[in-house]
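Colleague: How does the following fold in three dimensions:
(chains A and B, ligands or ions: 5)
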Amino acid sequence: MCQECGCGDTEIVSVEMHERILSGNDRAAAHNREHFERGGVLTLNVMGSPGAGKTALLEATAAALQGDFRMAAINGDLATDHDAQRLRRAGIEAVSVSTGSACHLDAAMVHHALDDLPPSGYDILAVENVGNLVCPAVYDLGQAANVVVLSITEGWDKPLKYPVMFMKTDLVLLTKIDLLPHLPGTKIEDFEAAVARVNPTPSVIRLSVHTGEGIAQWLEWIGGLMKPEPAGASS
Amino acid sequence: MHEYSIVGALISQVEDEARRRGARVVNRVHVRIGAVSGVEPVLLATAFGVFRERTLCEAAELVIEQVDERWTCPACGTVIDRNAGLLCDRCGTPPRLTAGDEIILNRIEMEVS
Ligand SMILES: Nc1nc2c(ncn2[C@@H]2O[C@H](COP(=O)(O)OP(=O)(O)OP(=O)(O)O)[C@@H](O)[C@H]2O)c(=O)[nH]1
Ligand SMILES: [Mg+2]
Ligand SMILES: [Zn+2]
Ligand SMILES: [Zn+2]
Ligand SMILES: [Zn+2]
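Modeller: Ligands and ions are numbered 1, 2, ... in the order given. Below is the predicted model:
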């Protein structure tokens, strides 16, 4: 090959691609979505900071569902099985996906976790993503809806600092609302205004797992997403 | 930092295409990254520098085109300024994000012999 005169052994080719870099994940997510739709399962991608109260929310949800609907969970956990254990103690099927050093779940990890869950027997699948306000928002898992858990101890400005996650969410749960009396200067309206500045559409529910405030509204929101059952299902 | 896993996906996408066309080497990889895609261009460039070693992209340049975010009213088509309170000033409808979330492999320049 002649480097000196460029006499034409090699040719420079420019290839137009226009393809999403995460198209592999998108395909895996579409495949998961088929599983969920075929199984009649409503899948929620539950995101939020470390310690925001994602697992506590799911524990409270498991207790409050009272057999109306059955829930199962997949927990993305960096190193432990704690969250899945907590949920099994709360009475639901739960498996953990050890993400190693990955800071988010992707669609293939969720598909893999489905193997460890019973093939049927639940109507709602809650996927607790890794505690992180950035990366989980980038990966579609095949979920029907995104939920962000934002605790009021984190500060009202989080939607402005991490707009992508809040932009993509269908619901924001403002949790630990029972702590409000202990947080001088914290105003719930500031959180709601910050959410509205990055995303005008999501519902915002104020919630506490300790007082139970907001749980009924949260269940109602989930109920609104459930496909109507042909017969026998009361809510 | 998910930029590493994104670069992993990018390089295998580029290598698949380059191999399919019998390319010896990839010279340039053009990507489009939206301002609100959740991908940080600086981190992406760093990750690319690390991951390209011993791949067909070893000597490739990563060219990042940044795309501004744009919100458009789904009812009347008005383009809305992000700082304007996020409601269409003509009809009050909540706008939709119509640009700025892209994470796209746009073009590959390669040497085919
Ligand atoms: N006061 C109060 N504390 C809460 C509430 N929800 C969660 N917590 C507490 O917040 C801490 C973290 O809750 P978790 O449910 O483990 O949070 P998480 O988001 O699952 O955390 P990671 O999975 O580690 O990211 C625990 O000590 C909970 O008891 C709430 O509504 N009120
Ligand atoms: Mg947890
Ligand atoms: Zn499958
Ligand atoms: Zn990350
Ligand atoms: Zn309008």
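
Colleague: what's the neighbour count on the residue in chain A positioned nearest to ligand 2?
Modeller: Using C-beta to the ion, the closest approach of chain A to ligand 2 is made by residue A:55 at 3.3 Å. Every C-beta, even on glycine, is put in place using the N, C-alpha and C of the backbone. For residue A:55, the count of nearby residues is 26 (other C-beta atoms under 10 Å in any protein chain shown).

Colleague: secondary structure class for the closest residue to it other than its chain neighbours?
Modeller: With C-beta to C-beta, 6 or more residues apart in numbering or on different chains as the criterion, residue A:55 has its nearest non-adjacent residue at 4.5 Å, and that residue is residue A:83. When classified by DSSP: H, G, I helix; E, B strand; the rest coil, residue A:83 comes out as helix.

Colleague: Help me confirm that residue A:83 comes into contact with residue A:127.
Modeller: No - contact criterion C-beta atoms under 8 Å: residue A:83 and residue A:127 do not qualify, at 11.5 Å.

Colleague: between these two, who's got more neighbours?
Modeller: residue A:127 (25 against 22).

Colleague: would the more buried one count as being in a strand?
Modeller: Yes - counting by three-state DSSP, residue A:127 is located in a strand.

Colleague: Is it bridged to anything, and to what?
Modeller: Applying DSSP bridges to residue A:127 gives these bridge partners: residue A:45, residue A:74.

Colleague: OK, contacts around it?
Modeller: Shown in contact with residue A:127 (C-beta atoms under 8 Å, 6 or more residues apart in numbering or on different chains): A:43-46, A:73-74, A:76, A:105, A:110, A:141, A:143.

Colleague: I'd like the residues you listed as TSV, with neighbour count appended.
Modeller: Formatted as TSV, those follow (neighbours: other C-beta atoms under 10 Å in any protein chain shown):
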residue	neighbour count
A:43	23
A:44	24
A:45	27
A:46	27
A:73	30
A:74	30
A:76	29
A:105	25
A:110	27
A:141	27
A:143	23
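
Colleague: could you pull out the strands for chain B?
Modeller: Counting by DSSP state E, chain B has strands at residues B:23-34, B:61-67, B:70-72, B:79-80, B:96-99, B:103-112.

Colleague: wait, which of those is closest to residue A:24?
Modeller: Residue A:24 sits nearest to strand B:103-112 of all the strands of chain B, at 11.5 Å, using C-beta to C-beta.

Colleague: What angle do strand B:61-67 and that closest one make with each other?
Modeller: 150 degrees (axes from the mean of the first three to the mean of the last three C-alpha atoms, to 10 degrees).

Colleague: Strand B:103-112 vs strand B:23-34, what angle?
Modeller: Put simply, strand B:103-112 runs at 160 degrees to strand B:23-34, going by the same axes, to 10 degrees.

Colleague: What pairs with strand B:103-112, parallel or antiparallel?
Modeller: Here, using DSSP bridges, strand B:103-112 pairs with strand A:11-20 (antiparallel), strand B:23-34 (antiparallel).

Colleague: Tabulate those strands in CSV, adding columns for mean pLDDT.
Modeller: Shown next, in CSV, are the strands paired with strand B:103-112 (pLDDT from 0 to 100):
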stretch, mean pLDDT
strand A:11-20, 96
strand B:23-34, 96
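
Colleague: List the neighbouring strands of the helix or strand where residue A:148 lies plus their orientation.
Modeller: Assessed by DSSP states H and E, residue A:148 sits inside strand A:145-151. Sheet pairing of strand A:145-151 (DSSP bridges) gives strand A:42-48 (parallel), strand A:171-175 (parallel).

Colleague: pLDDT averaged over the last one - what is it?
Modeller: Averaged across strand A:171-175, pLDDT comes to 98.

Colleague: Quick one: check it for contact with ligand 1.
Modeller: Yes - interface with ligand 1: strand A:171-175 contributes residue A:175 (C-beta under 6 Å from any ligand atom).

Colleague: So which residues make contact with that strand?
Modeller: A:52-53, A:56-57, A:145-152, A:159, A:166, A:188, A:191-192, A:195, A:202-209, A:214, A:218, A:221.

Colleague: next structured bit after it?
Modeller: Downstream of strand A:171-175, the first helix or strand assigned by DSSP H and E is helix A:188-198.

Colleague: And the first one, by the same measure?
Modeller: From strand A:42-48 onward toward the C-terminus, using DSSP H and E, the following helix or strand is helix A:54-65.

Colleague: Please see if that following helix touches ligand 1.
Modeller: Yes - Helix A:54-65 comes into contact with ligand 1 (C-beta under 6 Å from any ligand atom), by way of A:54-56.

Colleague: Now do the contacts for the residue nearest to residue A:219 when sequence neighbours are not counted.
Modeller: Of all residues not flanking residue A:219 in the chain, residue A:64 sits nearest, at 6.1 Å (C-beta to C-beta, 6+ apart). Residue A:64 makes contact with A:212, A:215-216, A:219 under the criterion C-beta under 8 Å, 6+ apart.

Colleague: repeat that for 10 Å
Modeller: Neighbouring residues of residue A:64 by C-beta atoms under 10 Å, 6 or more residues apart in numbering or on different chains: A:209, A:212, A:215-216, A:218-219.

Colleague: what's the closest of those residues to residue B:20?
Modeller: Relative to residue B:20, the closest of the contacts of residue A:64 is residue A:218; by C-beta to C-beta it sits at 48.8 Å.

Colleague: re the thing from before, for the residue of chain A closest to ligand 2, list the residues it contacts.
Modeller: Contact analysis of residue A:55 by C-beta under 10 Å, 6+ apart lists A:46, A:73, A:75, A:77, A:82-87, A:90, A:94, A:126, A:128, A:131, A:149, A:209.
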